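K.L.:
Need a 3D model of the following:
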Amino acid sequence: MNEHQEDSLEKETGSEGNVTSQAEGEQPAAEVSEENAAIAELQRQADDNHSRYLRAQADFDNFRRRTLKEKEELTQYASLKLITQLLPVLDNFQRALQTSNEGAEGESFAKGVDMIYRQLSQVLEAEGLKQMDAVGQPFDPELHQAIMQVESEEYEEGIVVEAIQTGYWLKDKVIRPAMVKVSG
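P.N.:
I've put the predicted structure just below:
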């Protein structure tokens, strides 16, 4: 080595021969600032993703509750179509019972029809079918279909006097309003 190289080496290493830098272990301020900004950005992204996760979880919980409610409703009213189709049969049984003939033969016929009617009624009641008791009740267009208005001394105005056709509930829903005569 020449003298010039030795002098520069002494300046770099110092008197003890160790290499010195600006400050050992310290980073420039600009580099620290960039790292803090990157950490802050990553934290913001993590918070965003957590919020999205919570919203997705809440949406899924709402979807599950709504689906369960719809399924319960569907199950509850699954027999609606069948029962609606059986209502005229029930009406015909009622009419047959009302017009039964007198005598031994007519009496046994009426008993047989009555037994069938009661059996069918029990099956439908087990499915949640209930008859409306319309006579004597205030007229309600949600429950009754007025086909006639009559004068009545027995009932006040707006009260159902006679049910021409029975109305029915399936659980808590009107499936057929009662056809009624209303006092005027």
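
K.L.:
Show the pLDDT at A78.
P.N.:
Listed pLDDT for A78 reads 79.

K.L.:
Please read the previous query as pertaining to K130.
P.N.:
At K130, pLDDT is 93.

K.L.:
Now for it: which residues touch it?
P.N.:
Contact analysis of K130 by C-beta atoms under 8 Å, 6 or more residues apart in numbering lists Y168, W169, L170. No exception for glycine: its C-beta is placed from N, CA and C like everyone else's.

K.L.:
Now do the phi/psi pair for the nearest residue to the first one once chain neighbours are set aside.
P.N.:
Closest residue to Y168 apart from its sequence neighbours, by C-beta to C-beta, 6 or more residues apart in numbering: R176 at 4.9 Å. Here is the backbone geometry of R176 (degrees, to the nearest 10): phi -150, psi 120.

K.L.:
List buried residues within the contacts of K130.
P.N.:
Y168, L170 (16 or more other C-beta atoms under 10 Å).

K.L.:
just the contacts of K130 now: which is nearest D91?
P.N.:
Nearest to D91, judged by C-beta to C-beta, of those is Y168 at 10.3 Å.

K.L.:
I figured the residue nearest to Y168 hits T84, correct?
P.N.:
Yes - with contacts counted by C-beta atoms under 8 Å, R176 reaches T84, the gap being 7.2 Å.

K.L.:
If you count surrounding residues, which of the two has more?
P.N.:
Just comparing R176 and T84: by other C-beta atoms under 10 Å the higher neighbour count belongs to R176, 17 against 13.

K.L.:
From the opening residue of stretch 134-147 to its closing one, how far?
P.N.:
Terminal residues of stretch 134-147 are spaced 14 Å apart (C-alpha to C-alpha, to the nearest Å).
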